[in-house]
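Fold the following.
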Amino acid sequence: MIFERILILGCGLIGSSLAASARECGLAKEIVGVDNKHELMRGRNPFFDEISGSLKSFEEADLCIIAIPIEGVPAVVKELVNNQGQSNYDLITDVASNKRALLEVLDELKQDSKRAFLSKFISSHPLAGSEKGGWESASTNLFDKTVCLLSTYRMTAVSDDNSIEDKENSPSKHKVARLERFWQGVGCKVEHFPLQEHDQLLSIISHFPHLLAFSVGAFMSSSDYENISKTIHGTGFKDFTRISAAPPGLWADILLDNREHILLNGEQWLESYKGFICALEKGDKERLVALISQSSIWRNGLRKLKPPL
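Okay, here's the model as predicted:
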């Protein structure tokens, strides 16, 4: 057991799956949650010892996890910062898909008297999810053999014209190690990645691929083969379009929030796509083989994740 009490803010798919997995793996003595739909979940969501509608209900926790939609993360972080005197959370993390708005809030703390908050905050992003949403779809194995990115906010202090890391207001190695053990406990392989580069990376490995899948799904829904393609298709088609069934509202927020990086990826991808189209138009098999080979070599280079130790 790593924690006495884990507090999860947001009891949807990710929050409830974390609770379910942490409970199954014995990572905490008590797991409690806060959600604005707590009345609907009370007595039905089996993964929490207690669910409340207010953060004030749980003023102490060893680990506080922010697992709400991205548009609400800045306000919750500000609330946690302002309530430091009333609440006692030893370690705080988030699981947001985008970090842009979070970074803006953390940047505001640089010269703030409340910047001690940064000494207990470590950002997380488990690269896991489902095309289904809601706590009813929660799973104890959602995070098995997935990657979780960990990022600390590296604040610097200026002294005599030299920038030095503000270690006093940075998370200790002990806190980082505890959070690593938590994510490893639910099945993740932990990778450390700079917080400032997070959204650029995710636009490439997650957000833009989702956009492509959505566009293919929209194309199929208006094609002459819309209905027949639902029953006659290969496994490749099914695999490629699986994520196009993801929650629309959630993904609209993610794509809009990270649109700067996604649009840049789109421009670069369009050049690649034009290369394929050009080879097809010219009947250039040699060029087409070269382009497909380039893709094949990259795909075959993806390493399989090993279970965490």
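
how near is Ser244 to Ala138?
22 Å (Cβ to Cβ, to the nearest Å). To be clear about C-beta, it is placed using only N, CA and C from the backbone, and glycine gets the same treatment.

Pro209 too?
As for Pro209, its distance to Ala138 is 24 Å (criterion: Cβ to Cβ).

The two: which is more packed in?
Ala138 (23 against 14; other Cβ atoms under 10 Å).

What is the end-to-end distance of stretch 52-62?
18 Å (Cα to Cα, to the nearest Å).

Would you indicate which residues of it are buried?
For stretch 52-62, the neighbour count (16 or more other Cβ atoms under 10 Å) marks 52, 55, 58, 61-62 as buried.

before we move on, what about stretch 121-131?
So stretch 121-131, judged by 16+ other Cβ under 10 Å, has buried residues 121-130.

Over to stretch 26-42?
By neighbour count on 16+ other Cβ under 10 Å, the buried set for stretch 26-42 is 27-28, 30-35, 38, 41.

Then Leu150 would be within a strand, right?
Yes - remark: Leu150 belongs to a strand, assigned using DSSP: H, G, I helix; E, B strand; the rest coil.

Now it. Nearest residue, chain neighbours left out?
Among residues not flanking Leu150 along the chain, His192 sits closest, at 5.3 Å (Cβ to Cβ, 6 or more residues apart in numbering).

cool, Ala101 as well?
Pro74 is the one closest to Ala101 (Cβ to Cβ, 6+ apart), at 4.7 Å.

for the chain, which helix is longest?
helix 259-282 (DSSP state H).

Please compute how far that one lies from its chain's middle.
26 Å (Cα atoms, centre = their mean, to the nearest Å).

C-terminal to that helix, what's the next element?
helix 285-300 (DSSP states H and E).

and that following helix with helix 259-282, angle?
140 degrees (axes from the mean of the first three to the mean of the last three Cα atoms, to 10 degrees).

Give me the contacts around stretch 99-117.
Here stretch 99-117 makes contact (Cβ atoms under 8 Å, 6 or more residues apart in numbering) with 70-71, 73-74, 77-78, 80-82, 84, 92, 94, 96, 118, 121, 123, 125, 151, 153, 155, 169, 195-196, 198-199, 257-258.

Buried residues, that stretch. List them.
99-103, 105-106, 109, 115, 117.

Only C-alpha atoms, please: export that stretch in PDB.
Output of stretch 99-117 as PDB, limited to C-alpha atoms (Å, rounded to 0.1, in the frame of the first residue of the first chain):
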ATOM      1  CA  LYS A  99      -1.200  21.100 -20.900                       C
ATOM      2  CA  ARG A 100      -1.400  24.600 -22.500                       C
ATOM      3  CA  ALA A 101      -3.900  26.100 -20.100                       C
ATOM      4  CA  LEU A 102      -2.300  24.300 -17.100                       C
ATOM      5  CA  LEU A 103       1.100  25.800 -18.000                       C
ATOM      6  CA  GLU A 104      -0.500  29.300 -18.100                       C
ATOM      7  CA  VAL A 105      -1.700  28.800 -14.500                       C
ATOM      8  CA  LEU A 106       1.600  27.500 -13.300                       C
ATOM      9  CA  ASP A 107       3.500  30.300 -15.000                       C
ATOM     10  CA  GLU A 108       1.400  32.800 -13.000                       C
ATOM     11  CA  LEU A 109       2.800  31.200  -9.800                       C
ATOM     12  CA  LYS A 110       6.400  32.100 -10.600                       C
ATOM     13  CA  GLN A 111       6.300  35.400  -8.700                       C
ATOM     14  CA  ASP A 112       3.400  34.500  -6.500                       C
ATOM     15  CA  SER A 113       3.600  33.900  -2.700                       C
ATOM     16  CA  LYS A 114       1.600  30.700  -3.300                       C
ATOM     17  CA  ARG A 115       4.300  29.100  -5.500                       C
ATOM     18  CA  ALA A 116       5.000  26.500  -2.800                       C
ATOM     19  CA  PHE A 117       2.100  24.600  -4.600                       C
END
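
In a markdown table: the buried residues of stretch 99-117, plus distance to Gly217 and pLDDT.
Below are the buried residues of stretch 99-117 laid out as a markdown table (distance: Cβ to Cβ, whole Å; pLDDT from 0 to 100):
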| residue | distance to Gly217 | pLDDT |
| --- | --- | --- |
| Lys99 | 27 | 97 |
| Arg100 | 26 | 95 |
| Ala101 | 28 | 94 |
| Leu102 | 30 | 95 |
| Leu103 | 31 | 94 |
| Val105 | 34 | 93 |
| Leu106 | 36 | 92 |
| Leu109 | 41 | 84 |
| Arg115 | 44 | 83 |
| Phe117 | 41 | 91 |
